[in-house]
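Participant: Okay, predicted coordinates and the sequence, questions at the end:
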Amino acid sequence: MQLIVKGKHLDVGDALRAHVHEQLSHTAKKYFRDPIEATVIFSKEKNHLFKADISIHVGGGIVLQTHHEADDPYPAFDIAAKAAGKRLSRYKDKLRDHRKNEPDVLAAAYTTLTSDDNKAEGGTEPAVIAEMETQVLTLAVADAVMRLELGNMPALLFRNPKHSGLNMVYRRKDGNIGWVDPEGLKKKVEKPVQKKKPVTKAPVTKTVAIVKKKVRSAR
């Protein structure tokens with residue numbers, strides 16, 4: 001397993017490096033036969049908590065990312081590593097299949113804009129911070145959800161192979177996953193309305209019942 005452990009404005013000792021290597025190597029061997037790449041970055045935040053960021057390249061262009069903050073680097077890493085293990089366990093079968101095949105990609109422009117609080121001086125439009133190129137993958141919805149959860153991303157734009165249109169999955173505030181599919185709405189709108197068949201009234205047949213009354217004869 002190829003592992004990089006480093007600190008951001010923080011010295012990482014040999015004991016912590018050995019602990020990280022032991023834990024992640026055990027997790028990797030549990031789910032993968034081939035070596036994988038992982039990077040762990042420790043940092044000390046402004047709130048004086050230690051943060052552990054774990055990034056694991058599991059193959060097929062799939063990256064698992066998780067992080068946690070704690071009063072000490074060890075529990076920060078241990079909890080983040082435990083979360084990574086749970087996600088790998090949930091998608092282990094799909095990951096083994098996806099490591100062999102790379103999805104089709106579509107090049108797209110990616111622009112970073114300032115937030116509303118940091119608009120360009122004297123202007124009403126947000127200023128452009130950076131412009132770069134990104135990739136939009138062709139994925140089944142289930143695969144897009146998997147990448148969203150493994151990568152701990154807020155949203156993921158992808159192409160739906162069923163109609164080659166753009167779709168998006170995103171994490172809702174209630175913890176569930178939302179799915180946006182413009183083509184799905186078109187199908188509902190364009191769905192022909194089935195005309196109701198005219199109701200044919202059956203002819204009314206009058207039935208006359210003859211009731212025979214038995215009269216007791218007086219003796």
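Facilitator: On my side now, so go ahead. Numbers count the residues shown, from 1 in each chain.
Participant: Identify the residues contacting residue 32.
Facilitator: 58, 59, 95, 96, 99 (CB atoms under 8 Å, 6 or more residues apart in numbering). The way it works is simple: take the backbone N, C-alpha and C, and place the C-beta from them, glycine included.
Participant: Can you tell me which of those residues end up in strands?
Facilitator: 58, 59 (DSSP state E).
Participant: from the contacts of residue 32, which has minimum pLDDT?
Facilitator: Lowest in pLDDT among these is residue 99, which has 58.
Participant: So residue 134 lies in a strand, does it not?
Facilitator: Yes: assessed with DSSP: H, G, I helix; E, B strand; the rest coil, residue 134 lies in a strand.
Participant: My read is that it contacts residue 108, right?
Facilitator: Yes: if you go by CB atoms under 8 Å, residue 134 and residue 108 touch, sitting 5.5 Å apart.
Participant: Sort out which residues of the helix or strand hosting residue 23 are buried, please.
Facilitator: For residue 23, the host element (DSSP states H and E) is helix 14-31. Buried residues in helix 14-31, counting neighbours by 16 or more other CB atoms under 10 Å, are found at 16, 17, 19, 20, 23, 24, 27, 28, 31.
Participant: Out of those, which comes closest to residue 88?
Facilitator: Taking CB to CB as the measure, residue 88 lies nearest residue 31 of the buried residues of helix 14-31, at 4.9 Å.
Participant: mind putting the buried residues of helix 14-31 in CSV, distance to residue 71 and pLDDT included?
Facilitator: Rendered in CSV, the data for the buried residues of helix 14-31 read as follows (distance: CB to CB, whole Å; pLDDT from 0 to 100):
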residue, distance to residue 71, pLDDT
16, 15, 96
17, 20, 95
19, 16, 96
20, 18, 96
23, 19, 93
24, 22, 92
27, 24, 87
28, 27, 84
31, 30, 81
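Participant: domain assignment for this protein?
Facilitator: 2-98, 105-190 (automatic domain parsing).
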